[in-house]
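> I would like to see how this sequence folds:
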Amino acid sequence: MSENWAPIDKLTHLFETRELQKLQEMGGIEGVITSLNSSTSGLDPENLQEETRHELYGRNELAQPKTKSFIRLWLEAFNDTTLIILIVLAVVSLIIALAVERGANLSWLDGTAILATVIVVTLVTAINTYSQERQFQKLNQKQSDHQIIVVRGGVPTQISVLQLLVGDVFLISTGDVLPADGLCIESNNISCDEAAMTGESDLIKKNPETRPFCLCGCKVQTGFGKMIVSSVGMNTQFGILKQAVLTAAQERNLTPLQEKLDGLAGNIGKVGFVAAGITLLLLIIFWLIPGIQHPASFKTGDYWLLLVDYFIIAVSIIVMAVPEGLPLAVTIALAYSMKKMLKDNNLVRVLSSCETMGGATTICSDKTGTLTQNKMKVDMGFFNGNILTNLNVQDAKAQNQLDPFFGNILLESISLNSSGDIKHNPETDQVDYLGNVTECALLLFAEEFIPNEHYSSVRQRLHPQVIQTYPFSSDKKRMTVIRELAENEMKNKDDRFRVYTKGASEIVSGLCNRMYVNGELKEITPQDREAIDNTIYQMASKGLRTIAIAYNDTSPPPVASPSDTSPPNSAPLTPNPAPVQEVELDGNDQPIDSPQKIVQEDVSLLPPLQVVFPDAPIVDKVSPFPDDAPPEDDLILLAITGIKDPLRPEVPLAIEDCHNAHIIVRMVTGDNIVTAMHIAQECGIYDPQFGIAMEGPFFRSLSEEDRAKILPKLQVLARSSPIDKQILVDGLQKLGHVVAVTGDGTNDAPALSKADVGFAMGITGTGVAKDAAAIIITDDNFASIVKAVMWGRNVYDSIRKFIQFQLTINVSALIIAVIGAIFAITPLTAVQMLWVNIIMDTLAALALATELPTRELLQRKPYGKNDNIISVSMWRNIIIGTVYEVIVIVLVLFLWGPKAPLIRDPSDPNFDRVHDCSLLQPRDEISVSELMFKTGICRQFLMAPTVAVFSEQHLSFVFNIFIWMQVFNWVASRKCYNENNFFAGIFTNYMFIIIWFTVSALQVVIMLVPGIRDAFTIIPITGLMWVYSLAFGVAILPIQFLFRLIKAPHPFNGEVEIPDDPDVPAGVYLHGKPLPEGAKLSVAQPTVEPEISPKGFNLPELDVEYKEPVSPQQHSVQYSPERLSINSVAAETHQVRVVPTETSDSVRVDPKQNWKSVRLQIVGTASWKRFRRPVIQKKDQIVEEGFLNVAPSQESTTSPQTSPLMLLLPAAPAAPAPSKPKKTKKKKTNN
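Next up is the predicted model:
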């Protein structure tokens, strides 16, 4: 079967060399497609031939680093110095017991029990590590699996990236990370960042003719199109490279909390070493002195076994003191949280982000899809000169109001200048949006309200005529498509091309000077422009996203000859400069190295899906228009649509939760400021009485000092660019905030990386954004971010609970060991201490680190970044627990009663000071120092008169009490602050319940079951002693309760206070507008934007005169620059040019209206020093734009007179112009 298929090695070699000659040898792109049994329409969904393709070309899965086997992890668990010492000592003990004592009196039991316990400890450690590795592996697989769009059978189809097959047609869009190797078969300004694969720092343009090779793992920075998949998985160049460097399981870096706890564990371990050293020293002294007094003792194996036991006890103290459980507890808590957070729609990519969210003080959130439902639909609009409302239902009347010709042009614009698709799902009776929801809403509107033709057939019919596509960019806030007209469509033989433009309403409408009214084309008068502005404001004030749609028929630009010596002011006739390089500036306004030559496009309006036209030829269409300067001047306004995106119903509650949690939420959106303010007020983010709403250009124009004043009160940042978001994050961090930020576009990546925690949108986010983020929100919902805050705080609480529990045991056990050593006794044997260590390190970590978060976590302030991990309330709880436990153990050890009779007299040669007390049970003994107790000790224990003091039965009682105090202190440790209800929520933590009862049951088994109790050196205790044991254990709860009535200060100091600065009052701060009353900001010169805003001009005041008379009968005016007299300060450093508003260099003056709007531009050579906005040096850039009106004189209708030129300026003050002689009176109006 493989005879008719392209060999995998040949495809691999093709992409290794990436030579066009080798591609031609395979028959070109068409030949490769044929050899893969595919077509430009994609694979046949009814006959995918999956098994064959998998067999020949593999699956689209990258090999993961092999996780260590369980046996290897278990063996690595032995790689611990203290455990190795313990094993050696246990082996020595066994050798002496078996070789010297020959196993008498079960002397081998201690060594065997220690070895068995070490095996159990290492097994538990290995099981934990293995389960964590498996869990992280599953999470990594979850991260690598995401949805992509391919074309199958000519239909865009959403599939898992793991289901991608060789021969599939993959849809490329801005922000994608290519999932496979492939050949580009359609390109619309596609440029890729291949630095990771080839080392090429510049962006690489892709097209089917010269550069068709698309490499897996490379990021698409601009454009969209499609490619035929030729290699997947480990057969891609990325997969081959990964295989070459693939090693064993990668080591994960420690999180900040783990590093902090490592330091704490080290300090505790040092204390343990000191305590063990003191204990060992005392025990050796008590061992040496009697031996010196009776040298014969050194000849007995039993005496040397005693010394070995002392070393074992010292090492056991170290093992118990070193809190290996601290890092383990963090890992368990974070791993458990990651797993649970996934159910709450948070896919954690960076482990430390879990804990960081616990201290988050501010969240900078996008609007669309995060705060809103992302289910957009056209709600109202301005069509054909009429405002149509209630478009949520199909209105036949509204359809009739759309003139057929107007409807056709509007349908063409929506269909071609769009990259989305919609599908009607018969099962759910819902419309599924594939791609950008804004564009899909327009497509749905076209489907419902323009019944002339379906948009898909318009695409199929007209797409072969498309010659150029300009994707949406954050700089221009619009996108444009150009197609070639058929001869029967041309109104003018020179106008061979039709331009369709769509984008932000105030920007696109500012590019228009004509519009349709009831099917007729008319000029846009100042009154019309005011009405358009009011329409946009009316829609925006209702929370609607406003999108303007425009078009124009145009001629190709003139081709400049090499000998062209045009004067400087005859600049290219385009209102927009070339896309500028986004360059970061240093403190001296000098550019920081940025190797990429092409600006990264923002995709706030671009979807992860781009439109595909399966039957389009595999060519890169030739366009006479430059790639970076679309002909967007002199447009005709078709429509302004108001698109409604309802607020998510859960968002207001989530915002309220944030306020209660002392977290400030800020909205950062590219939308109109009026729309943004409406939505922000609706969901509770914006408070007009206190907060500040601001436009991005104004925000960028502020000095760093003024920005620091503004930031505390800033609640809404509208018309923002990705650089605004990055500046915002940086400024907030300098104020001490822990910042979480959301993003979905490629250009959001710097802000996502800069933030303390970056959240990428799982549905609408690009691959680049997801790579830069720490957490991916799988449902794009703001409420999921609030859940991440809860989990972050819960992780921090869980670790603190564990630290509180472990330090209580550590300190009390060390004190008890030292006190016992003073009397040459060991209250806890080595095996018993190892059992305590298991409880502390592993089981406690599992029980306390798996608490579920509660809403009470959102009722307090965040943690401070520099807060001590052990708070004042925790020290109180630790000290109370330690003091209680030490007092109880000391009392139980030294409650001595009267002496009891001995079995033999001490003068008897056969007297045994260890076994000759009449109170001893069978196999019981009393091991005390001969130095302190020459004839031994045989006293009654006051709490149980039948028990001998310091007998193994007595010490078994001490061990039982100690364990039960820890078991019940476990419950008290569930709360580490001022809470008194230790049982609150205990039944929601099933892990805690299971572990608590398991430990309790195991303790009973250890104390009662023969064989097991022998290994732990246990002599059965009386029933009364069991009662005492449980009573002392339970008593720790009321003790903790009573002392916690002494309230300690809360350890939540992360909130950043908001100063009430009178110099920055609440209000709306707009670019180019007066500041709110009372504001005192040294506003820098506003950053110049290449956008055109009807009410946002800041032209210097110009004296512009027309040097030739215009008569009322004259229907056209030649307005070439040499016919204008321009006197201005700006003219000294800039050239001023007029941009044609029609295809010729004449302005046709309507005799009825006697006026014509003319666009005027001030053009200057940009420099780093002059402009804060980074631009390419020595390039002519448009500094400002405005309009002039050419109008015949109204004073005379017979004699020729000079025509005034009226400069339409905003109310904002402009730079004064020098006084110059004038031929006519200059008129100036404010628009």
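> okay, CA-based contacts and neighbour counts for the rest of this
Noted.
> which SS class is the residue nearest the centre of the chain?
Nearest to the geometric centre of the chain sits Phe759, at 2.4 Å (CA atoms, centre = their mean). Following DSSP: H, G, I helix; E, B strand; the rest coil, Phe759 is assigned to strand.
> ok, Phe406 - contacts?
Residues in contact with Phe406 (CA atoms under 8 Å, 6 or more residues apart in numbering) are 384, 516, 519, 638.
> What about it? Give its phi and psi, please.
Main-chain torsions, Phe406, degrees, to the nearest 10: phi -60, psi -40.
> okay but Met227 is in contact with Leu183, surely?
Yes - between Met227 and Leu183 there is a contact at 5.1 Å, judged by CA atoms under 8 Å.
> Need the overlap of contacts for the two.
Common neighbours of Met227 and Leu183 (criterion: CA under 8 Å, 6+ apart): Cys214.
> any idea which of the contacts of Phe406 is closest to Phe472?
Taking CA to CA as the measure, Phe472 lies nearest Leu638 of the contacts of Phe406, at 18.8 Å.
> Can you check the pLDDT for the nearest residue to the closest one once chain neighbours are set aside?
Excluding the flanking residues, the one nearest Leu638 by CA to CA, 6 or more residues apart in numbering is Ala550, at 4.9 Å. Looking at Ala550, its pLDDT stands at 94.
> which ones are touching Ala550?
Listed by CA under 8 Å, 6+ apart, the contact partners of Ala550 are 413, 500-502, 508-509, 512, 635-639.
> As a markdown table, these with neighbour count, pLDDT and distance to Ala265 would be great.
Shown next, in a markdown table, are these (neighbours: other CA atoms under 10 Å; pLDDT from 0 to 100; distance: CA to CA, whole Å):
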| residue | neighbour count | pLDDT | distance to Ala265 |
| --- | --- | --- | --- |
| Ser413 | 25 | 92 | 66 |
| Tyr500 | 28 | 94 | 66 |
| Thr501 | 28 | 94 | 63 |
| Lys502 | 28 | 93 | 61 |
| Val508 | 29 | 91 | 62 |
| Ser509 | 30 | 90 | 65 |
| Cys512 | 23 | 92 | 69 |
| Leu635 | 26 | 91 | 70 |
| Ile636 | 27 | 92 | 72 |
| Leu637 | 30 | 93 | 69 |
| Leu638 | 29 | 91 | 69 |
| Ala639 | 24 | 92 | 67 |
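> Next up, the contacts around the spatially closest residue to Thr935 that is not a sequence neighbour.
Excluding the flanking residues, the one nearest Thr935 by CA to CA, 6+ apart is Arg913, at 5.8 Å. By CA under 8 Å, 6+ apart, the residues touching Arg913 are 906, 926, 935-937.
> Look up which helix or strand Val831 falls in, please.
Per DSSP states H and E, Val831 falls inside helix 830-838.
> My error: substitute Thr438 in the last question.
Secondary structure from DSSP H and E places Thr438 in helix 437-449.
> Tell me, please, where in the stretch 851-1000 of the chain the pLDDT is lower than the cut-off.
Applying pLDDT under 70 to the stretch 851-1000 of the chain flags the ranges 929-932, 934.
> in it, which spans are strands?
896-899, 939-941, 944-948 (DSSP state E, counting those that start in this stretch).
> for these, which one ends up most surrounded?
strand 939-941 (a mean of 23; mean count of other CA atoms under 10 Å).
> residues making contact with it?
895-900, 919, 946-949, 954.
> Of the residues you listed, just say which sits nearest to Val91.
For those, the nearest to Val91 is His954 (28.0 Å; CA to CA).
> so what's the closest one up against?
By CA under 8 Å, 6+ apart, the neighbours of His954 are 893, 941, 947-948, 1021.
> coming back round to it: sec struct for the residue nearest to Leu638, please.
Taking three-state DSSP, the label given to Ala550 is strand.
> For it, list each beta-bridge partner.
Thr501, Leu637 (DSSP bridges).
> that older thread, which of the contacts of His954 lies closest to Asp779?
Using CA to CA, the contacts of His954 come closest to Asp779 at Ile1021, 59.0 Å.
> The closest one falls within a helix, correct?
No - counting by three-state DSSP, Ile1021 is located in no helix; its state is coil.
> Ramachandran angles for it?
phi -100, psi 170.
> what about Thr370, helix or strand, and which?
Assigned by DSSP H and E, Thr370 falls outside every helix and strand.
> and it, what is it in contact with?
Thr370 touches 780-782, counting by CA under 8 Å, 6+ apart.
> ok, and the most crowded of those residues?
Among these, Asp780 has the most neighbours (other CA atoms under 10 Å), with 29 neighbours.
> thinking again about what came up before, export the contacts of Ala550 as JSON lines, with columns for distance to Ile961.
Below are the contacts of Ala550 laid out as JSON lines (distance: CA to CA, whole Å):
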{"residue": "Ser413", "distance to Ile961": "82"}
{"residue": "Tyr500", "distance to Ile961": "83"}
{"residue": "Thr501", "distance to Ile961": "81"}
{"residue": "Lys502", "distance to Ile961": "78"}
{"residue": "Val508", "distance to Ile961": "80"}
{"residue": "Ser509", "distance to Ile961": "82"}
{"residue": "Cys512", "distance to Ile961": "87"}
{"residue": "Leu635", "distance to Ile961": "88"}
{"residue": "Ile636", "distance to Ile961": "88"}
{"residue": "Leu637", "distance to Ile961": "86"}
{"residue": "Leu638", "distance to Ile961": "85"}
{"residue": "Ala639", "distance to Ile961": "82"}
